[in-house]
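Undergrad: give me a model of this one.
(2 chains)
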Amino acid sequence: MGDLFRYEFMVHAFEAGTIIAIVAGAIGYFVVLRGSAFAAHALSHIGFAGATGAVVLALNPIVGLLAFTLGAGVAIGALGNRLRGRDVTIGIVLAWTLGLGVLFISLYRGYATEAYALLFGEILGISSTDVVVTLMAGVITLVAVIAVYRPLLFSSVDENLAAARGVPVTALSIGFMAILAVAVTEAVQVVGVLLIFALIVTPAAIAVRFTSRPALAIGIGIVLALAFTWLGLAIAFYSPHPVSFFITSLAFATYVAVRIAEPVRARISRTTARKATA
Amino acid sequence: MTDQPAIVGRGLSAAYGSRRIWTDANFAIEAGSFTAILGPNGSGKSTLVRLILGLLAPAAGHIEVLGEQPRRGNPRIGYVPQGSYFDPELSVRGRDFVGLGVDGHRWGVRISGTAKANAAIAASIQSVDATGYADRNLGRLSGGEQQRLLLAQALVGVPEILLLDEPLSNLDVRNQQSMVQLISDVARRRQLTVLLIAHDVNPLLKHIDHVLYVAQGRLAMGKPDEIITSESLSTIYSSPVEVLRDSQGRVFVVGLEEEVSHPHG
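TA: Numbering: from 1, shown residues only, chains lettered A, B, ... in the order given. Model prediction:
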């Protein structure tokens, strides 16, 4: 076990992975609650075009990624949470921006590794500066989530009711997507744009199957995201296979196990309830 | 009951852009009274609610709610929106939902006053007899259970007015009756002014003081047995309207919409 932290790159990976897992687990709850899983997925793909574009312009890909996810996030947020056909609109934009991404890759000569890292994550290549930047971004997103917690929960559960109580639902919808854009940009470093679901959506999707208490669900989501990241990193260290594979597989396996166990758990709780009333 | 009416409309008109919904409405809702808002689909019943909530400005005329201009987020109004049925996948505890009625509109997280908030939430849930299922997942509750928790959410802020937009639709007859009884009891106990939008007046007849009819661009208000008659509705809407009564005293209004206004329609 001591080997794990002997190398600096592993320490950085654990540091960044921990920050990102906390952010992803927390924001993922609202993504699931608001039914915005596809929007979260789309944000990362749209961000891919920004990142590859930045590489072509010899800029830091993270800058391009953040610019595109933020732009797309604000636009999706402005479309409104309940708008019918929203996913179709997002999908159309998503396809076009992925096309742009392909163009940008072809324009850049040393594309292979850069593109691969963006698509599938490169957590083992994180520098100490990256860790500091991730920490700052992580703190900002968490503070933002805490600041909008109650009205965001309210408008996610019942938008009409929240609006009548004076909650600025459209501004919140835009604000939330902007927060999500920053979180997605951070998470891309770990799992890449293609695998973002595993860190942002899966832990929260599992958590809401365990509890209907919002704060507890967020807590469980964070713990799961941390467990997937830490275990994934540890297993990958002793194996020749990529970290992203282990993180996504752990998330997937846990989700499947929970879904399979659900009917069993329901039967047990029914039996206990019957015994209690008897 | 106080002398001052809870809600007053004078020469009030509602419109969405250039599309007029209804015009020149004059009414006064007595404080502490129970009023049913009736009328065909699309006649502008919910529009009236939006005006009272301050979500829509009047196109013309004047409206006063508890002696002031309507304003968004007025804590003196408890509201249950139309079609508020929760997605089965929505994983939020009933108790947490009712809690949103306490401080869901405030920024940040609840830091202080947790004990006080929890007591208010528990009392509100108790007042609608929902304690047995308040800790269960909102999305998995029946329509009647969800409506009771929606009512608890509306009541938790200790409002003076209750605005209920079709709380009875999607409920079976038995549930409709117990829901109306509950609303009526709570309202009397707390001296609330209740406005309830409904499709069918029959489950409400025993409980309401007034009926506010919204149809064909006009509003008309009166006591139920005065206004729900063939003569008065025909006069108000200057078209032949017939009110039929069956052997059990149920009323059916024919002529305000194309088809018969059916009790379960």
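
Undergrad: mind jotting down where the helices sit in the stretch 101-250 of chain B?
TA: Counting by DSSP state H, counting those that start in this stretch, the stretch 101-250 of chain B has helices at residues B:114-127, B:143-155, B:173-190, B:224-227, B:230-237.

Undergrad: kindly report the same for the stretch 151-278 of chain A.
TA: Applying DSSP H, counting those that start in this stretch to the stretch 151-278 of chain A gives helices spanning A:159-164, A:169-191, A:196-200, A:202-210, A:214-237, A:243-277.

Undergrad: for the last one, packing partners?
TA: In this structure, helix A:243-277 makes packing contacts with helix A:169-191, helix A:196-200, helix A:202-210, helix A:214-237, judged by 3 or more CB pairs under 8 Å, 6 or more residues apart in numbering or on different chains; DSSP states H and E. Yep, even glycine has a C-beta here, placed from its N, CA and C like the rest.

Undergrad: quick one: closest of those helices to chain B.
TA: Among the helices and strands packed on helix A:243-277, the nearest to chain B by CB to the nearest CB is helix A:202-210 (3.8 Å).

Undergrad: can you list the residues of chain B near chain A?
TA: Chain B comes close to chain A at residues B:53, B:55, B:72-73, B:79-82, B:84, B:86-87, B:90-93, B:96-97, B:100-101, B:103-110, B:136-138, B:153, as judged by CB under 8 Å from any CB of the partner chain.

Undergrad: low-scoring stretches of the stretch 151-278 of chain A, by residue?
TA: A:275-278 (pLDDT under 70).

Undergrad: of the helices and strands packed on helix A:243-277, which stretch is the most buried?
TA: The highest average neighbour count among the helices and strands packed on helix A:243-277, using mean count of other CB atoms under 10 Å in any protein chain shown, belongs to helix A:196-200 at a mean of 27.

Undergrad: run through who's touching that helix.
TA: Residues from elsewhere that reach helix A:196-200 (CB atoms under 8 Å, 6 or more residues apart in numbering or on different chains): A:20-21, A:24, A:27-28, A:31, A:37, A:40-41, A:44, A:183-184, A:187-188, A:190-191, A:225, A:228-229, A:247-248, A:251-252.

Undergrad: now it: how far from the chain's centre is it?
TA: Mean C-alpha position of helix A:196-200 versus that of the full chain (CA atoms, centre = their mean, to the nearest Å) differs by 4 Å.

Undergrad: just the CA trace of it, in CSV.
TA: In CSV, the C-alpha atoms belonging to helix A:196-200 read as follows (Å, rounded to 0.1, in the frame of the first residue of the first chain):
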residue,chain,number,x,y,z
ILE,A,196,-18.1,11.9,-17.4
PHE,A,197,-21.4,10.1,-16.6
ALA,A,198,-19.6,7.7,-14.3
LEU,A,199,-18.4,10.4,-11.9
ILE,A,200,-21.3,12.9,-12.0
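
Undergrad: B:Leu164 touches B:Leu192, doesn't it?
TA: No. Using CB atoms under 8 Å, B:Leu164 is not in contact with B:Leu192, being 10.7 Å away.

Undergrad: so how far is B:Pro58 from whichever residue of the stretch 51-200 of chain B sits closest to chain A?
TA: Nearest to chain A, among the residues of the stretch 51-200 of chain B, is B:Gly73, at 2.1 Å (CB to the nearest CB). From B:Gly73 across to B:Pro58, the span is 18 Å (CB to CB, to the nearest Å).

Undergrad: then A:Ile196?
TA: 47 Å.

Undergrad: then A:Phe120?
TA: A:Phe120 sits 57 Å away from B:Pro58, going by CB to CB.
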